[in-house]
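Asker: below is the sequence, then the predicted model.
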Amino acid sequence: MERLTDIHGRNLAYLRVSLTDACNFRCLYCLPDRHPNRQPSGDPFEDQSLSIMEIENLVAGFSRLGFRKIRLTGGEPTLRGDLVDIVRKIALVPAIQTVALTTNGHRLAELAAPLREAGLTAINISLDSLNPRQFARITGSRDFERIHQGIQTALRVGIEHVKVNVLLLRNFISAELDAFFEWVRETPVHVRFIELMQTRDNSPFFHSEYLPGDDLLARLEGHGWAERMRGPLDGPAREFTHPGFAGRLGIISPYSHPFCKECNRLRISSRGKLKLCLFGGGEYSLRHLLQSPDRQEELIQTVFSLMKDKQLSHMLHEGIWGSTRHLAGIGG
Ligand code: SAM
Ligand code: SF4
């Protein structure tokens, strides 16, 4: 079994796969201009999202490189009619320990049970507000009740890890924090507050809404929340527990507490391009190597050869976000 290490000595074992860059929501920080996500190039191979066969070959190849965790994301991955089948195929790949999904949750109530049965072990749902009207202002969606129900269903059917992503937005979050704290008192979800990241499309919004996570961190530490040790497959969140609460709280803070030195992940776009860093410039097409299991050796050697290009850190602090127009294009 190989192990993939980059030139900075970081072991990579976590692959995020975008299943589509289409989305039915228009979150203010992500797709603010309601623009179509991508202009068609005219080349059907280039314009179509990865097929289930390509995804299977991709995951099989990366599992031989020591990858143990796969997250399906987007755009909105539940827009794909074959999502449950994709999860089932990935869960059957030997050595894959965690199959995770990030979703806006609008189809979760109907999908939670089949996804779990197919082998999904972890789910992140984006829910920026517990107030339906505020939620609609942020996301452009009136699906709050359905999403809330979907989260309850995910817990009921026994998906192992149910996490909720909440953007820290300066002019929205102060009215929300108490509600989220109360929610996790009884509900066994992990709520993670995420610092807003600047992308090419959201600059004005970023400048008015960015809020560092430091005050929240101080509130957690001052109110008896204890930080958990990180596991090798964990993402960038710092997570906190409290004996009086069923759920957990966490912070993902790319600006105030950068996590790059512990980076353990690579990303694949919905068109099969490898992205070494969410905010790095380079994209390398692997799609031709996904057309047959016979090309696995070439896939592995190509990925090895690219590890010299993985940069040590993003450069968001300098206002550099590489080729990232918005996170719907690559999966956040
Ligand atoms: N549509 C799915 C969803 O919303 O969960 C998956 C894709 S979305 C791009 C993945 C995550 O990225 C979401 O939790 C979203 O809140 C987060 N996100 C999007 N744009 C962001 C930004 N500019 N800064 C920080 N997080 C962002
Ligand atoms: Fe869609 Fe997710 Fe972006 Fe919101 S954050 S617009 S749900 S891709």
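Answerer: Sure, I can see it. Numbering: from 1, shown residues only. Ligands and ions are numbered 1, 2, ... in the order given.

Asker: please count neighbours and contacts with C-alpha atoms only from this point.
Answerer: Will do.

Asker: ok and the residue in the stretch 201-332 of the chain nearest ligand 2?
Answerer: Per Cα to the nearest ligand atom, Ala328 is where the stretch 201-332 of the chain lies closest to ligand 2, at 4.1 Å.

Asker: what about that residue, how many residues nearby?
Answerer: 22 (other Cα atoms under 10 Å).

Asker: begin at 51, not 1, for the rest of this chat.
Answerer: From this message on, residue numbering opens at 51, which makes the last subject Ala378.

Asker: can I take it that it is in a helix?
Answerer: Yes - the assignment for Ala378 is a helix, going by DSSP: H, G, I helix; E, B strand; the rest coil.

Asker: SS state for the closest residue to it other than its chain neighbours?
Answerer: Excluding its sequence neighbours, the residue lying closest to Ala378 (Cα to Cα, 6 or more residues apart in numbering) is Gly125, at 4.4 Å. In three-state terms, and counting by three-state DSSP, Gly125 is coil.

Asker: equivalent analysis for the one 10 residues further on, please.
Answerer: Secondary structure state of Asp135, per three-state DSSP, is helix.

Asker: next one: the one 10 residues further on
Answerer: When classified by three-state DSSP, Ala145 comes out as coil.

Asker: for it, what are its contacts?
Answerer: Ser113, Phe117, Arg118 (Cα atoms under 8 Å, 6 or more residues apart in numbering).

Asker: among these, which are located in helices?
Answerer: Ser113 (DSSP state H).

Asker: could I get the contacts of Ala145 in TSV, plus columns for distance to Asn221 and neighbour count?
Answerer: Output for those, formatted as TSV (distance: Cα to Cα, whole Å; neighbours: other Cα atoms under 10 Å):
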residue	distance to Asn221	neighbour count
Ser113	43	25
Phe117	39	27
Arg118	38	21
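
Asker: count of neighbours near Lys139?
Answerer: Around Lys139 there are 18 residues (other Cα under 10 Å).

Asker: these two touch, right, it and Leu108?
Answerer: No - using Cα atoms under 8 Å, Lys139 is not in contact with Leu108, being 11.4 Å away.

Asker: any weak-confidence spans in the protein?
Answerer: For the chain, applying pLDDT under 70 flags the ranges 51, 82-96, 308, 329-331, 363-375, 379-382.

Asker: quick one: whichever residue of the stretch 101-250 of the chain sits closest to ligand 2 and Arg196, what's the gap?
Answerer: The stretch 101-250 of the chain approaches ligand 2 most closely through Gly125 (3.9 Å), counting by Cα to the nearest ligand atom. Counting by Cα to Cα, to the nearest Å, the gap from Gly125 to Arg196 is 19 Å.

Asker: what does Arg321 give?
Answerer: 30 Å.

Asker: higher neighbour count, Gly125 and Arg196?
Answerer: Each of Gly125 and Arg196 has its neighbours counted (other Cα under 10 Å); Gly125 has more, 28 against 16.

Asker: skipping its backbone neighbours, what lies nearest Gln98 in space?
Answerer: Leaving aside its chain neighbours, Gln98 sits nearest to Arg321 (6.6 Å; criterion: Cα to Cα, 6+ apart).

Asker: can you count the residues close to that neighbour?
Answerer: Using other Cα under 10 Å: Arg321 sits among 22 other residues.

Asker: host element of it?
Answerer: Assigned by DSSP states H and E, Arg321 falls within no helix or strand.

Asker: number of nearby residues for Asp265?
Answerer: 10.

Asker: hang on, it in a helix?
Answerer: Yes - under three-state DSSP, Asp265 falls within a helix.

Asker: I'd like the distance between it and Leu227.
Answerer: With Cα to Cα as the criterion, Asp265 and Leu227 are 12 Å apart.

Asker: at which residues are the helices of the chain located?
Answerer: Counting by DSSP H, the helices of the chain are 94-97, 102-114, 133-141, 158-168, 182-189, 194-207, 227-236, 253-259, 264-272, 346-356.
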